[in-house]
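Participant: Quick one, fold the following:
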Amino acid sequence: MTNSERRLLIALAWMCEQYLKSGDVLDHMCMGAGEDAVDILYDYGLVDSISRGAQWTDAGRALLDEG
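Facilitator: Predicted coordinates:
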């Protein structure tokens, strides 16, 4: 992954953490933008599912820690 991709993913991950977090999971609330965001994070192995209730993987938590 390029430095630019990493920076974009960190920003996306933190936006999801801030706006989609519900308890210990991410809930995209069936909103198109939220679904797309979770789908992208899933493609990079940062969350475990594209469904409502996705959880951060170890790689996702490490990315959040990096940001």
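
Participant: Please make it C-alpha for all contacts and neighbour counts, starting now.
Facilitator: Fine.

Participant: What number of residues are in the vicinity of residue 55?
Facilitator: 21 (other C-alpha atoms under 10 Å).

Participant: Show me the helices in this structure, by range?
Facilitator: In the chain, the segments counted as helices under DSSP state H are 3-19, 32-43, 58-66.

Participant: Could I get the buried residue list for the shortest one?
Facilitator: Judged by neighbour count (16 or more other C-alpha atoms under 10 Å), helix 58-66 contains these buried residues: 60, 63, 64.

Participant: go on, the second one?
Facilitator: Within helix 32-43, the residues that count as buried by 16+ other C-alpha under 10 Å are 34, 35, 37, 38, 39, 40, 41, 42.

Participant: what's the model's confidence in that helix, averaged?
Facilitator: Throughout helix 32-43, pLDDT has a mean value of 97.

Participant: How far off centre is it?
Facilitator: The chain centre lies 7 Å from the centre of helix 32-43; the measure is C-alpha atoms, centre = their mean, to the nearest Å.

Participant: now for it, which elements pack on it?
Facilitator: Using 3 or more C-alpha pairs under 8 Å, 6 or more residues apart in numbering; DSSP states H and E, the elements in contact with helix 32-43 are helix 3-19.

Participant: Find out how far stretch 45-65 is from the centre of the chain, if you would.
Facilitator: Distance of stretch 45-65 from its chain centroid, counting by C-alpha atoms, centre = their mean, is 6 Å.

Participant: re earlier: considering the buried residues of helix 32-43, which is situated nearest to residue 6?
Facilitator: The closest of the buried residues of helix 32-43 to residue 6 turns out to be residue 41 (C-alpha to C-alpha; 11.4 Å).

Participant: wait, isn't the closest one in contact with residue 13?
Facilitator: Yes. Counting by C-alpha atoms under 8 Å, residue 13 is a contact partner of residue 41 at 7.3 Å.

Participant: Now the common contact residues for these two.
Facilitator: Applying C-alpha atoms under 8 Å, 6 or more residues apart in numbering, one finds that no residue jointly contacts residue 41 and residue 13.
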